[in-house]
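please work out how this folds:
(chains A, B and C)
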Amino acid sequence: MRPAARDALAHALLATADDELVLGYRDTEWTGAAPILEEDVAFSSIGQDEVGHARLFYALLHELTGVALDYRARRADEYRHACFLETQTAPRYSPDGSHRGGSDWAYAIVRQYLYDLFDAERLAALRASAWDPLAQAVDKVQREEKYHLQHGRMWLERLAGGDRVARGRLEAALARAWPHALALFEPTEGDDVLLADRIIPVGSSELRDRWLERLRPSFSAHHLALPAERGRSGGWTVTVAASAGGRSGRHTPDWTDLWNEMTSVYRLDPAAVW
Amino acid sequence: MSEHTLRVFEVFRQEAPSDAMTHEGSVVAADMDLACQYALSAFSRRAEAHRLWVVPREAIRQIDDPDLLRPPGDHRYRLARTYRGTIEKRRRLRARLLGEAP
Amino acid sequence: MADEPANGPAEAAERTLAFLRHVQGGGTVEATEWMPDEYRQRLIRFIEAHANSEVMGALPEREWIPRAPSLKRKLGLTAKVQDEVGHGQLLYRIVEDLGKPREQMLQDLIAGRTKYHNVFHYPTKSWADVGVIAWLVDGAAVISQGALVKTSYAPYGRIMKRICWEEAFHLKHGEDICLTLAAGTPIQRDMLQEALTRWWPPVMMFHGPPTPPETDPDLRWRIKPKPNDVLRQEFLDHYVPRIRELGLVLPDPRLRKDTETGRWLYTEPDWAELREIVRGNGPASRVRLSFRRLSYEEGAWVRDAILGRGAAA
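Numbers count the residues shown, from 1 in each chain, chains lettered A, B, ... in the order given. Reported below is the predicted structural model:
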């Protein structure tokens, strides 16, 4: 692999690992607070899977670059996840009783579903990578994602076909999600090299088109709008502006809160073993 | 909108291939698909299941009448241990055929 | 036939006596079998309190999931809290089968009408609390739960088997955190000692007052097979030496094992204080219940959607 390709792949792996970590972080905030006990347990497994995938991708990054990266030691602006994933959706406990409500289960489900479909396309592309360790690792991840995709499909159907409140919340969640979901496809640094060298043989706009294709049947069946129009020849024209920035380290205040919380115990003594 | 009810689904687990299915417990869900999602996360988090069965509780009929399960008549003729007399019969027959004392 | 209603009070009393002899002799009961009303009601209260404790027990620990200082700790802690929620689900399920609907149980909990374990009425202050809770609070619970495997109510005993199996890792995860802190920096060691000092009194109360077995109805019906004091002695036997091995100091100057009787002696906990706490007047009782209420109310639309209770779209 030429150095330019290695650098480009490092950026892509970092973004992937960060995506999984941050989504897993937000997902696991629902553990112990979800609307239905059985669902609490199920959704927690999904969140734990994502954190596990993050570990796997950080390890791959280590294998690629020879440098072990301690996620906890990084500055907030060094993270390359999509901003979509950093929004808090679970209720927030406060020891003085000023709990923050406004929890949004619909958004949590919508985000997980849209992300898992993006992830499915990204993983399929990584599976075809010329770099073998990546192709191998991805197989495991894809198989874990089966449960996630089943779960997301089930919830989409039940909310889309549900009562007025459920349908309304689903539509509101989707409308809020689109600019951020589209930014999942924001390219990482050097991704043209990855495409040219077949390290990741699918470019980001093609990934996005495939993702839209995946969404089309169920969205059409449920009369849900997509953020894009399909041309007669099958190409997609996006009609919502993506709110990009995550892949170059530009994040929202929710991320600052998350990063502070995530590193708070660690920063008591970064040299300590916990 | 018609009201669904939460239904109880019983979950059976097979630990290793060729093991019997054993009853693990139950989940409540509005439908079988969700019940299966929940059965997976409730009863196989530690990879303890090779296979699961998810069954609506209403599909199960319980039989617990002792008169039906263990009818009180003497049916020991169905059991191997009722035929222990064969040991003594064999001994006597052998003795007779060999011209020995009974 | 066994499960038909009794004909008249004399027969009912006779059946109840026969039932009592059955359970006291080690016999078990299934959900579909006849049981005296008093047994059913005591069972519901006992198991409901256990289920409540699992879901309330999730609260002190889930605060630390976001703050877990490594991915290994984050996963271990999340899986532990997930287990607690799962145990709550399994326990609420069998109480539902005894006749009390889940929604009613959750509403009673939130309204403060039903109880949950004392230890979950206390705040957490540091990462060391996470280790101490997983090792010692779960440790105390495992001792109770190990005994409950032999409960007279068979569905409860079967769930206890699964719970004990799942909780095995909770103890190791907690012990691992405590050992790491004990072997760590001075700040970490102090953090651990401070957490232990704070948690020791609630942990000493965990198994409940030394109620004489003859006056404990849960023992009489063998819902609970072992008296509180026996469980506490088992806990002390197992954990005191292991805690001291870490170089930690237990904050009770009277705590020692009487070598003649083999009994642990200690400063008697204030049982009046325990009664106040489980009544909902613990240091974190209200703030925890208010969070439970918040998450429950905000999730109502989801339950309505799944059950088709809302207005058509």
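
show the model's pLDDT score for the residue of chain A most remote from its centre.
Distance from the C-alpha centroid of chain A, by CA atoms, centre = their mean, peaks at residue A:96 (32.3 Å). On the pLDDT scale, residue A:96 is placed at 95.

please list the residues of the stretch 151-274 of chain A that sit near chain C.
Proximity of the stretch 151-274 of chain A to chain C (CB under 8 Å from any CB of the partner chain) is limited to residues A:158-159, A:162-169, A:258, A:261-262, A:264-266, A:268-269, A:271-274. (Each C-beta comes from the backbone N, C-alpha and C, glycine too.)

picking that back up, secondary structure element for the residue farthest from the centre of chain A?
When elements are assigned from DSSP states H and E, residue A:96 belongs to no helix and no strand.

what about residue 43, how many neighbours?
Answering for chain A, as no chain was given. Residue neighbour count, defined by other CB atoms under 10 Å in any protein chain shown, stands at 28 for residue A:43.

you answered for a different chain; I wanted chain B.
Each residue near residue B:43 was counted by other CB under 10 Å, and the total is 21.

residue contacts, it?
If you count contacts by CB atoms under 8 Å, 6 or more residues apart in numbering or on different chains, residue B:43 has them with B:11, B:13, B:24-25, B:49, B:52.

okay, now the closest residue in space to residue C:195 that isn't next to it in sequence: neighbour count?
When the adjacent residues along the chain are set aside, residue C:195 lies closest to residue C:128, with 3.7 Å between them (CB to CB, 6 or more residues apart in numbering or on different chains). Residue C:128 is flanked by 25 other residues according to other CB under 10 Å.

confidence score at residue C:128?
With respect to pLDDT, residue C:128 has a value of 98.

and if you look at residue C:11?
Looking at residue C:11, its pLDDT is 88.

that older thread, of the contacts of residue B:43, which is the most crowded?
Neighbour tally across the contacts of residue B:43 (other CB under 10 Å): the maximum, 24 neighbours, falls on residue B:11.

who's in contact with stretch C:303-313?
Outside stretch C:303-313, the residues that touch it by CB under 8 Å, 6+ apart are A:35-36, A:158-159, A:162-168, B:1-6, B:30, B:34, C:301.

check which helix or strand covers residue 179.
As the question left the chain open, I've gone with chain A. Taking DSSP H and E as the criterion, residue A:179 maps to helix A:164-182.

not what I meant, chain C
helix C:154-182.

I'd like the average pLDDT over the following helix or strand past that helix.
Using DSSP H and E, the helix or strand that follows helix C:154-182 towards the C-terminus is helix C:186-205. The average pLDDT within helix C:186-205 is 98.

chain center to helix C:186-205: distance?
Distance of helix C:186-205 from its chain centroid, counting by CA atoms, centre = their mean, to the nearest Å, is 20 Å.

give the buried residues for it.
The neighbour-count criterion (16 or more other CB atoms under 10 Å in any protein chain shown) identifies C:188-189, C:191-193, C:195-196, C:198-205 as the buried residues of helix C:186-205.

what does stretch B:35-53 give?
Of all the residues in stretch B:35-53, those buried under the rule 16+ other CB under 10 Å are B:35-45, B:49, B:52.

got it, and stretch A:77-88?
For stretch A:77-88, the buried set under the neighbour-count rule, 16+ other CB under 10 Å, comprises A:79-88.

closest to chain B among these?
Chain B lies nearest to residue A:85 out of the buried residues of stretch A:77-88, by CB to the nearest CB, at 22.0 Å.

that closest one touches residue A:27, doesn't it?
No: distance between residue A:85 and residue A:27: 9.4 Å, which falls outside the contact criterion (CB atoms under 8 Å).

do a quick rundown of the helices in the stretch 101-250 of chain A.
Assigned by DSSP state H, counting those that start in this stretch, the helices in the stretch 101-250 of chain A fall at A:105-127, A:132-160, A:164-182, A:191-196, A:204-221.

and among those helices, the most buried is which?
helix A:105-127 (a mean of 23; mean count of other CB atoms under 10 Å in any protein chain shown).

could you pick out which of the residues of the stretch 151-274 of chain A next to chain C are near chain B?
residue A:163.

low-confidence stretches in chain B?
In the predicted model, chain B carries pLDDT under 70 at residues B:1-4, B:101-102.

so which bits of it are right by chain C?
Proximity of chain B to chain C, by CB under 8 Å from any CB, involves residues B:1-6, B:8, B:24-28, B:30, B:34, B:41-42, B:45-46, B:62, B:64-66.

okay, and which of the residues you listed map to strands?
Mapping the residues of chain B next to chain C onto strands (DSSP state E) picks out B:8, B:24-28.

which of the residues you listed lies closest to residue A:245?
Within those, distances to residue A:245 taken as CB to CB reach their minimum at residue B:27, with 41.7 Å.

give me the neighbour count for that closest one.
The number of residues packed near residue B:27 is 29, by other CB under 10 Å.

what bridges to it?
Partner residues in beta bridges with residue B:27, using DSSP bridges, are residue B:9.

switch the helices of the stretch 101-250 of chain A over to CSV; also include distance to residue C:106.
As requested, these are arranged in CSV below (distance: least, CB to CB, whole Å):
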stretch, distance to residue C:106
helix A:105-127, 16
helix A:132-160, 21
helix A:164-182, 20
helix A:191-196, 49
helix A:204-221, 32
